[in-house]
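# here's my sequence, what's the structure:
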Amino acid sequence: MNQTGFYEQLCTILSKEQILCKEPMSKHTTFRVGGPADYYVMPRTEQAAEVLSLCHKEQVLCHIVGNGSNLLVGDGGIRGVVLALSKQAAQVQIQGNCLIAKAGALLSQAASAAYKAGLGGMEFAAGIPGSVGGAVVMNAGAYGGELKDVLAQAVVLTKEGSQQTLKNSELELSYRHSCIPEREFVVLEAEFHLQPKQQEEIWTLMEELKKRRIEKQPLEYPSAGSTFKRPEGNFAGKLIMEAGLAGVSVGGAQVSEKHCGFIVNQGHATAADIRGLIQLVQKKVFEHSGIELETEVKYMGEFL
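Presented below is the predicted three-dimensional model:
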């Protein structure tokens, strides 16, 4: 890749303020770790197709990220382009019983808009620290609710830059899964079908879930939320605790003593520390219970 030439081509699509070179990904992940991305770009929705087309034409890898809340980026950083839809792609609007959110909007923003409109169904999402786009990609959920329960359809871009609208049934939504990563789509917008509900009821449920999060989750430390997927018929945190791993550390990474399903950055962790601890937990849990824990956290970039 001719970096100078590629940068100049990016500048024909985006302003220089929308392109960050050698940008530390530690600034853009909730783990607060990760080496530099060659290019971190923040296009508006209508610019995203042009960026994808350019990357496809120039054979430059393009990695799509949301709010960085379910992501572990290697200390060696990311080669190519990291595309994060800008804050200008964060609008949320209400049309009757439908909530339409751009991919860059936060789930908490969407849940707040639903509450203000007196629409129920998004309460579970109020405390999930991710973007709407990222949440659609992984069918995010919490406390018994999942996006697939309220998502009607999503507008996506193909890797060639064409736009498609996929209905819920076409997205292959299951536990922490959609077809979007496999087909290399980029989510631009999501439409949710909700139900009228008393604002007081919505607020009460949101506050109850918020209280449960504060009581049970280590929100005082950087993390990516639940590190592991829930094994069928069991709970990852329970298995980790029973394997005697509460409080176990690798470098600056620690299995939270407050909730063993969380691996946290105690302030000086590297991506290698976190990945090493994840692998240690998987090994020890398998030795103790015979159950293989699968990560909910996604790896991206070069691990040293």
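# average pLDDT across stretch 164-181?
Stretch 164-181 shows a mean pLDDT of 94.
# oh, I was asking about stretch 131-148
91.
# which stretches in the stretch 51-200 of the chain count as helices?
107-116, 132-138, 199-216 (DSSP state H, counting those that start in this stretch).
# so which of those helices is the most surrounded?
helix 132-138 (a mean of 27; mean count of other CB atoms under 10 Å). For glycine as for every other residue, the C-beta is placed from the backbone atoms N, C-alpha and C.
# for Gln153, list the residues it contacts.
Taking CB atoms under 8 Å, 6 or more residues apart in numbering, we find Gln153 in contact with Thr165, Leu166, Lys167, Asn168, Ala190, Glu191.
# wait, Cys62 sits on Leu52?
Yes: with contact defined as CB atoms under 8 Å, Cys62 and Leu52 form a contacting pair (6.2 Å).
# so what sits against both of these two?
Counting by CB under 8 Å, 6+ apart, the shared contacts of Cys62 and Leu52 are Leu83, Lys159.
# of those two, which one has the most company?
For Cys62 versus Leu52, the count of surrounding residues by other CB atoms under 10 Å is larger for Leu52: 23 against 20.
# just the pLDDT for that one.
For Leu52, the predicted pLDDT is 91.
# that one and Leu85: what is the separation?
For Leu52, the distance to Leu85 (CB to CB, to the nearest Å) stands at 12 Å.
# circling back: of the contacts of Gln153, closest to Gln217?
Ala190 (25.2 Å; CB to CB).
# do I have it right that the closest one meets Ile100?
Yes: when contacts are counted by CB under 8 Å, Ala190 is listed as touching Ile100 (7.5 Å).
# these two: who's more crowded?
Using other CB under 10 Å as the criterion, Ala190 and Ile100 rank with Ala190 on top: 25 against 20.
# show me what the nearest residue to the more buried one once chain neighbours are set aside is bridged to.
Excluding its sequence neighbours, the residue lying closest to Ala190 (CB to CB, 6 or more residues apart in numbering) is Ala154, at 4.8 Å. Assessed by DSSP bridges, Ala154 has beta-bridge partners Leu166, Ala190.
# show me what contacts Ala154?
Val136, Thr165, Leu166, Leu171, Ile180, Val187, Leu188, Glu189, Ala190, Glu191 are the contacts of Ala154 under CB under 8 Å, 6+ apart.
# and the furthest pair within these?
Taking CB to CB, no two of the contacts of Ala154 sit farther apart than Ile180 and Glu191, at 15.3 Å.
# more neighbours: which of those two?
Taking neighbours as other CB under 10 Å, Ile180 and Glu191 compare with Ile180 leading, 22 against 18.
# count the residues that sit near Gln95.
9.
# meant to ask about Glu160
For Glu160, using other CB under 10 Å, the count is 11.
# low-confidence ranges in the stretch 1-150 of the chain?
1-2, 86, 88 (pLDDT under 70).
# actually the stretch 151-300 of the chain, sorry about that
For the stretch 151-300 of the chain (pLDDT under 70), the answer is none.
# please enumerate the strands of it.
Counting by DSSP state E, counting those that start in this stretch, the stretch 151-300 of the chain has these strands, from start to end: 151-157, 163-167, 186-193, 195-196, 249-250, 253-255, 263-265, 298-300.
# right, and those - which one's nearest Ser69?
strand 298-300 (10.6 Å).
# lovely, talk soon.
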